[in-house]
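Q: give me a 3D structure for the following:
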Amino acid sequence: VDMTRSKDEFISLQRRVDITNAQSPDVFASIHVNSSERPTPTGVETHWYTEPSLGLAQVVHKNLSATITTPDRGILKSKFYVIHYSLMPAILVEIGFISNDKERDQMLTPQRQDDTARSISNGIILYLAKDYVNKNGSRGKF
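A: Coordinates of the predicted model:
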């Protein structure tokens, strides 16, 4: 895993894409906390833009929504800059709403953080394993 930043500092969307494309990873996942002007929305959603990213979005979202007890807001085709201009399968995952007091409190717990991270990473691993089998015709070791 390569992080585009390690502290709370602004990095432009173009710079994030440049960092990602220079590293040339197998996949790109941008993790976000959602927000709304209304305090009621809750849930997880996963965004994709290019066709190669749809399978990644489906697997990651399936794992996330099956693990986290919050509404499943779905998989959405969206033209977010970082997933539009990344050269590899790329998704943007919204892990809940900071604007909802109850969900924000849940997201602050170590259990929710662990469940969220584990479900996203397991989804990526499953996606890569499937992709590896498809490209090589047989299951290999990573």
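
Q: please make it C-alpha for all contacts and neighbour counts, starting now.
A: Noted.

Q: which of the helices or strands spans the residue nearest the centre of the chain?
A: Centroid check for the chain by C-alpha atoms, centre = their mean gives Val93 as the closest residue, at 3.4 Å. Assigned by DSSP states H and E, Val93 belongs to strand 90-97.

Q: for that strand, packing partners?
A: Here strand 90-97 touches strand 28-34, strand 44-48, helix 51-67, helix 81-85, helix 101-107, going by 3 or more C-alpha pairs under 8 Å, 6 or more residues apart in numbering; DSSP states H and E.

Q: if we go to 10 Å?
A: strand 28-34, strand 44-48, helix 51-67, strand 72-77, helix 81-85, helix 101-107, helix 110-136 (3 or more C-alpha pairs under 10 Å, 6 or more residues apart in numbering; DSSP states H and E).

Q: could you give the mean pLDDT of the third one?
A: Just to be clear, that refers to helix 51-67. The pLDDT scores in helix 51-67 average 96.

Q: now that helix, how far from the centre of its chain.
A: Helix 51-67 sits 8 Å away from the centroid of its parent chain (C-alpha atoms, centre = their mean, to the nearest Å).

Q: the inter-axis angle of it versus strand 44-48?
A: Taking axes from the mean of the first three to the mean of the last three C-alpha atoms, to 10 degrees, one finds helix 51-67 and strand 44-48 inclined to each other by 170 degrees.

Q: so for the nearest residue to Leu64 once chain neighbours are set aside, what's the pLDDT?
A: Computed as C-alpha to C-alpha, 6 or more residues apart in numbering, the closest residue to Leu64 that is not its neighbour in sequence is Ser119, at 5.1 Å. Note on Ser119: pLDDT of 97.

Q: re earlier: the residue nearest to the centre of the chain bridge partners, please.
A: Legend: beta-bridge partners of Val93 under DSSP bridges are Ile31, Thr46.

Q: and it, what does it touch?
A: Residues in contact with Val93 (C-alpha atoms under 10 Å, 6 or more residues apart in numbering) are 29-34, 44-48, 57, 60-61, 64, 75, 120.
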